[in-house]
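Q: after the sequence you'll find the predicted model.
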Amino acid sequence: MTKFMVLYRSAVSAREQMASGTPEQAQAGMEAWMAWAAKAGDAVVDLGTPLADAARLGPASTGGDSLPVTGFSILQAESADAVTSVLEGHPHLQWGGSIDVLEFLPIPGM
């Protein structure tokens, strides 16, 4: 199995999303995430967490997307195609965000 870092990007920070939503919206969001996590099953190594607003310590690359990273998960799958299948229907995509997937490389000798 290969591990993958999944970065969630959004124009609205996680802090803003949590502060501006109603309790009903927060509950619906958690239910959508838990339903996705249940469907993903053993592919989920670490469901992750929302991230505080980024503090830039120097030049930063935003990868292929200019939206800030607002959360992460760690998944495992047999291939990049397999992890892409796991992410189909992910609630973050339904809310207008984007997702970056980065493959972990094995460290030689470990």
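A: Structure received.

Q: hmm, who's touching the one helix or strand residue 3 maps to?
A: Using DSSP states H and E, residue 3 falls within strand 2-9. Contacting residues not belonging to strand 2-9 are listed as 45, 48, 63, 65, 67-80, 83, 87, 92, 97-104 [C-beta atoms under 8 Å, 6 or more residues apart in numbering]. No exception for glycine: its C-beta is placed from N, CA and C like everyone else's.

Q: ok, which stretches of this structure are helices?
A: Taking DSSP state H as the test, the helices found in the chain are 14-20, 23-40, 80-87, 91-94.

Q: other SSEs contacting the helix or strand of the chain with the lowest mean pLDDT?
A: The weakest-scoring helix or strand in the chain, judged by mean pLDDT, DSSP states H and E, is helix 14-20 (a mean of 87). Identification of packing neighbours for helix 14-20 by 3 or more C-beta pairs under 8 Å, 6 or more residues apart in numbering; DSSP states H and E yields strand 44-50, strand 69-77.
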